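> Give me the fold of what follows.
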Amino acid sequence: MNLLEQLKTQTKVVADTGDFESIKNFKPVDSTTNPSLIYAASQDNKYSYLIDEALAFAKHKPAKKRLSMAMDRLFVNFGLEILKIVPGRVSTEVDARLSFDTKGSVAKARELIALYAEAGIDRKRVLIKLASTWEGIKAAEILTKEGIHCNLTLLFSMPQAIACADAGVQLISPFVGRVLDWNLKNRPEHSFTPADEPGVLLVKSIYNYYKKFGYKTEIMGASFRNTGEILELAGCDLMTIAPSLLSELEKAQGTVDQKLVLKNAKASDIVKIELNEKKFRWLLNENAMASEKLAEGIRKFTEDIVKLENMLLGRL
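Model (predicted):
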C-alpha cells in the first residue's frame, strides 16, 4: 500500500478543499470547507451554476436579507455537492464576523442547518464550523444540546481544546501548519523537524489529554504544510488534508507507523485542568502565538467573505 492507503487504516482522512474533482479522486470519508476555499473554488467557471442557484434563491427575498441568504445558500450549495461524493460529513462555516457573538453564531448555525434540512440532508451529516473563541465555544455548547454538531476551528492552544471538550463539542480542528508558520517567523534561529514541530506537539498533547480523561470530542489535525507533519500524527482521530499533500502521500511508498496510541495516552500522567471564562481568556492571552493566529485567522476568513459578498452583490 502507498502512504495514503496506510494512513487511512489508522486515521479518518478528510479532504480540505472546495474542489469536487479532488474529492472524487482521493475518496475521503468527510470534507471540510471554509470561506477561503469557497472563494477560491467560486473563481472557477465550472462552479458557476452553484452561484447562479444561490442568486436565484435570494432574488425574491426581502432586500435587507438578500445578500445574507445568497451567501448562506452558496455555502450550502457547495456542501450539498460535496455530500454527493463523500459518505460522511461536510463542514460549513459560520460567518467569521460572528466570532465574538454567541447569539448571532447560534442563529446563523440554525439557518444553515435549516437549508440543509430543506434539501433532505440529516443534520448528522453536517458539521457547523465556528471559531474557537470563548463565544464560539459557548455557541457550540448550545447547538450541541440541540443536536447540531460543531467543528471548532482556528484552534491553536490547549485552553481552547479543553474548553471545547468541556462544552461537549463534536470535533476540533487544531491548525498544525499555522502554528509552524508563527514559530518560523518568530523563532528564525530554530529549525524544526516534523517530530518536534510545535503544531505537531500540540495535537499530540490534545490527543493524550482527551483520551486520558475520556472526552468524546474528535480531534482533526488541520492546516498541514508537509507530509512529515501528517505522518507524525498517524493515529489521530481525523486529519483534513489539502489535495496537493494527498497526492504526495498517494505517490509515496514506505511504512506508516502509528504515532498516537490510545493505551499510551491513557497511561500518561497528565493533570486535568479546570477552566472558566476568566482562566480561558487569561491563558489564551498569555499565549502570543495562539492569540495572534486566532485573530489573524478570523481576519483572513472575513476578508474572503467580503470578497464573496462583493462578487454576489454585483449580480444581485
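> So Val256, which state does it fall into?
Here Val256 is recorded as coil under DSSP: H, G, I helix; E, B strand; the rest coil.
> and the gap between the residue lying closest to it once chain neighbours are set aside and Glu81?
Once flanking residues are discounted, Val256 sits nearest to Gln6: 3.9 Å by C-beta to C-beta, 6 or more residues apart in numbering. (Glycine included, C-beta is placed from N, CA and C.) Noted for Gln6: a distance of 29 Å to Glu81, by C-beta to C-beta, to the nearest Å.
> and the residue nearest to Val256, what helix or strand is that in?
Following DSSP states H and E, one finds Gln6 within helix 3-8.
> That helix packs against which elements?
With contacts taken as 3 or more C-beta pairs under 8 Å, 6 or more residues apart in numbering; DSSP states H and E, helix 3-8 sits against helix 227-232, helix 243-251.
> could you point out which element follows that helix?
strand 12-16.
> Now tell me what touches that next one from outside.
Outside strand 12-16, the residues that touch it by C-beta atoms under 8 Å, 6 or more residues apart in numbering are 4, 7, 22-23, 26, 28-32, 37, 86, 88, 220, 222-223, 237-243, 246.
> Parallel or antiparallel, list what pairs with it.
In the sheet, strand 12-16 lines up against strand 30-32 (parallel), strand 238-241 (parallel) (DSSP bridges).
> Looking at stretch 231-243 now, give me its mean pLDDT.
For stretch 231-243, mean pLDDT is 97.
> How about stretch 31-42?
On average, stretch 31-42 scores 92.
> buried ones in it?
For stretch 31-42, the neighbour count (16 or more other C-beta atoms under 10 Å) marks 31-39, 41-42 as buried.
> Stretch 265-284 now?
Of the residues in stretch 265-284, 265, 275, 280, 283-284 count as buried by neighbour count, 16+ other C-beta under 10 Å.
> In helices only, show me those residues.
Counted as lying in helices by DSSP state H, out of these, are 265, 280, 283-284.
> which of these lies closest to Met311?
Among those, Leu284 lies closest to Met311 (C-beta to C-beta), at 33.8 Å.
> Tell me the pLDDT of the closest one.
So Leu284 comes in at 98 (pLDDT).
> contacting residues around it?
Applying C-beta under 8 Å, 6+ apart to Leu284 gives the contacts 157, 159-160, 290-291, 294.
> Put together CSV for those residues, with distance to Leu184 and secondary structure on each row.
Formatted as CSV, those follow (distance: C-beta to C-beta, whole Å; DSSP: H, G, I helix; E, B strand; the rest coil):
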residue, distance to Leu184, secondary structure
Ser157, 18, coil
Pro159, 23, helix
Gln160, 21, helix
Ala290, 16, helix
Ser291, 18, helix
Leu294, 18, helix
